[in-house]
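**Student:** Pasting a predicted model and its sequence here:
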Amino acid sequence: MDNASKPTCRVVKPGAAYDGKQGLSYFEGIAAETVGSKGICMHLLTIPPGARAKAHLHETHETAIYVLSGSAVTWYGDRLEECAELSAGEMMYIPAGVPHLPANISDAPCSAVIARTDPNEQESVVLLPELDGLVA
């Protein structure tokens, strides 16, 4: 392996944002596209007050969420029948294949670090429009 293809440490300063299939905007972070990661991605997400994602699942990868500030709710389960509220300092684990829909029902922004076991963050996102109307 020559030095040009040898993996090395990289610093990523969030700047550019992209719109995810889920209907929210993410700040670019660690991903195959930005640093060449092979098994993980990590992004920053700020959900504005009153905003919510589209119902979806991540077909082949797990998700870990750490709330930095604010609070949000996530409905999850086959018919989004379960609900968890997260506040600053709390974490949530979402297994691969579990339908979920996060939303910010507060009056303040909610910021979180999102880490997934797929370096190509959007590739295994599956939208579930039939579930979008199940939660208020």
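**Tutor:** Everything's here; your move.

**Student:** least trustworthy helix or strand in the chain by mean pLDDT?
**Tutor:** Of all the helices and strands that make up the chain, the one with the lowest confidence by mean pLDDT, DSSP states H and E is strand 17-19; it has a mean of 76.

**Student:** Return the distance of that strand from the chain's centre.
**Tutor:** Centroid displacement of strand 17-19 relative to its chain, using C-alpha atoms, centre = their mean, to the nearest Å, is 12 Å.

**Student:** Show residues contacting it.
**Tutor:** 25-28 (C-beta atoms under 8 Å, 6 or more residues apart in numbering). Where C-beta positions appear, they are placed from N, C-alpha and C, glycine not excepted.

**Student:** Tell me the strands beside that strand, with direction?
**Tutor:** Under the criterion DSSP bridges, strand 17-19 sits next to strand 25-30 (antiparallel) in its sheet.

**Student:** average model confidence for the helix or strand following the partner strand?
**Tutor:** Moving toward the C-terminus from strand 25-30, the first helix or strand encountered (DSSP states H and E) is helix 32-35. Here helix 32-35 scores 87 as its mean pLDDT.

**Student:** mind listing what's buried in helix 32-35?
**Tutor:** 32, 35 (16 or more other C-beta atoms under 10 Å).

**Student:** just stretch 125-136 next, same as before
**Tutor:** In terms of neighbour count (16+ other C-beta under 10 Å), stretch 125-136 has its buried residues at 125, 128, 131-132, 135.

**Student:** Enumerate the positions of stretch 58-65 that are buried.
**Tutor:** Buried-residue list, stretch 58-65, by 16+ other C-beta under 10 Å: 58, 61, 63, 65.

**Student:** Make a markdown table out of the residues you listed and add secondary structure.
**Tutor:** Formatted as a markdown table, the entries for the buried residues of stretch 58-65 read as follows, by DSSP: H, G, I helix; E, B strand; the rest coil:
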| residue | secondary structure |
| --- | --- |
| 58 | strand |
| 61 | coil |
| 63 | strand |
| 65 | strand |
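
**Student:** Which single one of the residues you listed is nearest to residue 40?
**Tutor:** Taking C-beta to C-beta as the measure, residue 40 lies nearest residue 61 of those, at 9.3 Å.

**Student:** Is the residue nearest to the spatial centre of the chain in a helix, a strand, or coil?
**Tutor:** When the chain is reduced to its mean C-alpha position, the nearest residue by C-alpha atoms, centre = their mean turns out to be residue 114, at 4.7 Å. For residue 114, the secondary structure call by three-state DSSP comes out as strand.
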